[in-house]
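> 3D, please:
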Amino acid sequence: MVNLTPHAVHLHLTTGEVVTFTPSGVVARAKEIVTAVGEKAGVRIVTIAYGEIENVPSLSGETYEETYIVSALVRAALPERFALFS
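Sure, this is the predicted structure:
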């Protein structure tokens, strides 16, 4: 399992064992599209939309042997990718 998040992920098994997945150094992200919509009391107001997903390995014969830990946002944006977990 490859961790595509910037933090360590700790999986607590029912046996009491803890398995840690360290960050791989590659972070899967949804590209942010920031649009300024105004200003209030000197504070810029923006909306954020999410676009293209970046840094997820291509889908080539994906199996459960190739599994990836990603953010919930990335997983939700790629529902056809069954080997993404968050």
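
> which residue ranges form the helices in the protein?
Here the chain has its helices, by DSSP state H, at 72-77.

> any stretches of it with poor pLDDT?
59-65 (pLDDT under 70).

> quick one, what contacts the residue nearest to the spatial centre of it?
Nearest to the mean C-alpha position of the chain, counting by CA atoms, centre = their mean, stands S71 at 2.8 Å. S71 makes contact with 5, 28-30, 86, according to CB atoms under 8 Å, 6 or more residues apart in numbering. C-betas here are computed from N, CA, C, even on glycine.

> mind running it again at 10 Å?
Taking CB atoms under 10 Å, 6 or more residues apart in numbering, we find S71 in contact with 4-6, 27-30, 77, 84, 86.

> can you name the two of those that are farthest apart?
Farthest-apart pair in the contacts of S71 is P6 and A77; separation 17.6 Å (CB to CB).

> these two - which one has more neighbours?
Neighbour totals were compared for P6 and A77, and A77 leads with 18 against 12 (other CB atoms under 10 Å).

> the more buried one is in contact with A49, isn't it?
No - when contacts are counted by CB atoms under 10 Å, A77 is not listed as touching A49 (11.7 Å).

> check the burial of the closest residue to V26 other than its chain neighbours by counting its neighbours.
Leaving aside its chain neighbours, V26 sits nearest to N55 (5.3 Å; criterion: CB to CB, 6 or more residues apart in numbering). When counting by other CB under 10 Å, one arrives at 12 neighbours for N55.
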